Structures are given as C-alpha cells and as structure tokens.
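>>> Dropping a prediction and its sequence here:
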Amino acid sequence: MRPLPRIEDIMTREVITITPEMDLLRAMHLLLYHCISGMPVVDAQGRLLGMLSQKDCLRAALHAGYHAGQGGLVGDAMRTPVESLTPDLDILSAAERFLSGPYRRFPVMDGARIAGILSRSDLLRALAVVREASG
C-alpha cells in the first residue's frame, strides 16, 4: 500500500492574508474576488492572529445593519484562537479534523510561518485521487 499524501502535498501555497487593521468591507471584497471562504489574519511580521470567514463577515454585516454601523475592521470580526494543521499531517488525519469541527479551511503552519492553507475542496480532491488509485 502506498503512503498517504501529506498536507504539504495538497495544500494551497499562495495564501491570501489580511491584517486586523483592514476595513471589513475591503476584506469582504477580497473573499468574493478570489472566490474563497476565509483568510488568515496576520500582523506586520506575518504572525497568525486569527481567521476571517464569510460567516464572520455575515455576522458583522448583520450587527452593523441592526446598529447602523459601518462594519468596522477585520480585527473586530476575526475568529480567535485559530486551529491549524502541520504540513506533515496525512490526509486522513486532516479529514478527521474537518469532521470534528465547523471549519471549511485550516491554515497550515510550519513553526510560526504560514506554509499554506487547506480547504475542504483541496482535501476532497486528494481523497478522490487516492480512492481512484487504489482501485
């Protein structure tokens, strides 16, 4: 039996990140423009601070609508703490992590550095390839 692919083999390496000081409306436009469901929030040194998802944006927009606000900043809407994966994790272990929680994507951390991001879609594609290869 072949070894299972690891996260580093299937993750998206070009990660779109945002800062907590970014206007939330601008972050929403980035999510829509890039057709992604969430982005890591990092500080000026690239350290992971949180995640901003479409759901977080909807929550902030609803709150702003009720309170006649502008929507605020990413830092006000982002989710913390952040759960992450490591590049050496195999795809079945990653699937278990997705099934045990509500997340659609995980940042992949190599120490303190964001090495990539893994979405449910990335994982499903990899699982389909493994399944086809095994007959």
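In hand now; what should we look at? Bear in mind the structure is a predicted one, so any value in this text is a computation, not a measurement.
>>> For the residue lying closest to Ala112 once chain neighbours are set aside, grab the count of nearby residues.
Closest residue in space to Ala112, ignoring its immediate chain neighbours: Arg47 at 6.1 Å, by Cβ to Cβ, 6 or more residues apart in numbering. Quick note: C-beta positions are derived from backbone N, CA and C, even for glycine. Counted with other Cβ atoms under 10 Å, the neighbours of Arg47 add up to 11.
>>> Torsion angles phi and psi at Arg47?
phi -80, psi 140 (degrees, to the nearest 10).
>>> Was I right to think it contacts Met109?
No - at 10.3 Å, Arg47 does not count as touching Met109 under the criterion of Cβ atoms under 8 Å.
>>> in this structure, which spans are helices?
Along the chain, counting by DSSP state H, helices occupy 7-10, 24-34, 54-67, 74-77, 91-99, 120-133.
>>> In TSV, list these along with mean neighbour count and distance to Ile16.
Shown next, in TSV, are those (neighbours: other Cβ atoms under 10 Å; distance: least, Cβ to Cβ, whole Å):
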stretch	mean neighbour count	distance to Ile16
helix 7-10	18	18
helix 24-34	15	6
helix 54-67	14	14
helix 74-77	20	13
helix 91-99	16	20
helix 120-133	14	15
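>>> nearest to Asp43, of these?
helix 74-77 (10.1 Å; Cβ to Cβ).
>>> So which elements touch the closest one?
Applying 3 or more Cβ pairs under 8 Å, 6 or more residues apart in numbering; DSSP states H and E, one finds that helix 74-77 contacts helix 24-34, strand 48-53, helix 54-67.
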